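Colleague: Predicted model follows, preceded by the sequence.
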Amino acid sequence: MNIFLKELKSHRKSLIFWSIGVFLMVLSGMNKYANLYSSKQSMNDLMADMPKSLQVIMGVGRLDLSRASGYYGMLFVYLLLMATIHAAMLGAGIIAKEERDKTSEFLFAKPVSRTNVITAKLAAALFNIVVFNLVTLVSSMVIVAKYSKGEEVNSDISILMVAMFILQLLFMMMGSAIAAFKKKSKKAASLSAGVLLLTFILSVVIDLNESMKSLKYLSPFKYFEAKNVMYGGGLEPVFCFISCLLIVAFTTITYLFYKKRDLTI
């Protein structure tokens, strides 16, 4: 029995639906850009006149919305939220699914160690988020280029996708760690999504209140914001280091606790 291929088969429909969803989000977002765009002055002024709270929610920041890349940077907030929710639920679900589907006894009766089972499952989850990221990358490059009017957008989109992948991996491993740690792993996906949304809300609150800026290290959504990453800002080493540290920690928790847990048959 090839666990890796079995997991890929189990999640193929979900991956297709999520990929179609992200493609449609990019397409509809850039269509709105084409409809709203009139001139550099009017577009930026329109956003500047909006309340700060609305600007934060829309992810405007310092982005130049008269440019296709700037408008895509605003759209990236929602693409990132979509990608991380997919990753967190995938990480939790792929670990918890045997207990949820009552197939633990069948799987672990086979001559395969728990370490190999976890490794195969995480490899399948990694494959899924890589495909999701590539679909987002290709869709973004093709669609944004259509509206860019000669502007070079591929480099900005590429670095945003690198940032997205880091956070996808972080939240995937967070989900798997929660599923491995919790005694009732069936609730791991909803708990993972809840933690993710709390960190997203925290990032919004930080933008609304400058005095809370020091809390940005607690929200991964503050690590690689489009307004900071684009236009030559790149990925900040400190946030890359924190992300890698969290990924390693969550991976370690997944292996340690899943190998020791009593499985619900």
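Modeller: Received, thanks. Just so we're clear, the structure is a prediction, and the values are computed from it rather than from any experiment. Numbers count the residues shown, from 1 in each chain.
Colleague: how about low-confidence regions in the stretch 101-250 of the chain?
Modeller: 101-111, 185, 231-232 (pLDDT under 70).
Colleague: Please repeat the previous calculation with a cut-off of 80.
Modeller: Applying pLDDT under 80 to the stretch 101-250 of the chain flags residues 101-114, 148-151, 183-186, 210-211, 227, 230-233.
Colleague: mind listing the helices in the stretch 1-150 of the chain by residue range?
Modeller: Listed in chain order, the helices of the stretch 1-150 of the chain (DSSP state H, counting those that start in this stretch) span 3-36, 40-48, 52-58, 68-100, 104-108, 114-147.
Colleague: Out of those helices, which is the most enclosed?
Modeller: Stretch with highest mean neighbour count among those: helix 68-100 (a mean of 23; mean count of other C-beta atoms under 10 Å). The C-beta positions use only the backbone N, C-alpha and C, and glycine is treated the same way.
Colleague: got the angle between that one and helix 3-36?
Modeller: 150 degrees (axes from the mean of the first three to the mean of the last three C-alpha atoms, to 10 degrees).
Colleague: From the contact counts, what lies against helix 68-100?
Modeller: helix 3-36, helix 104-108, helix 114-147, helix 154-181, helix 188-208, helix 226-229 (3 or more C-beta pairs under 8 Å, 6 or more residues apart in numbering; DSSP states H and E).
Colleague: Could you say which one of the ones you listed comes nearest to Met74?
Modeller: Closest approach to Met74 among the helices and strands packed on helix 68-100 (C-beta to C-beta): helix 226-229, 7.3 Å.
Colleague: Geometric centre of the protein: which residue is closest?
Modeller: Thr84 (2.3 Å; C-alpha atoms, centre = their mean).
Colleague: Skipping adjacent residues, who's closest to that one in space?
Modeller: Spatial nearest neighbour of Thr84, chain neighbours left out: Phe171 (4.5 Å); criterion: C-beta to C-beta, 6 or more residues apart in numbering.
Colleague: OK, contacts around that neighbour?
Modeller: Phe171 sits next to Thr84, Ile85, Ala87, Ala88, Gly91, Ser192, Leu196, Pro220 when contact means C-beta atoms under 8 Å, 6 or more residues apart in numbering.
Colleague: neighbouring contacts of stretch 215-227?
Modeller: Here stretch 215-227 makes contact (C-beta under 8 Å, 6+ apart) with 59-63, 73-74, 76-77, 80-81, 84, 160, 163-164, 166-167, 170-171, 199-200, 202-203, 206, 235-236, 239, 242-243, 246.
Colleague: I am finished for the moment; much appreciated.
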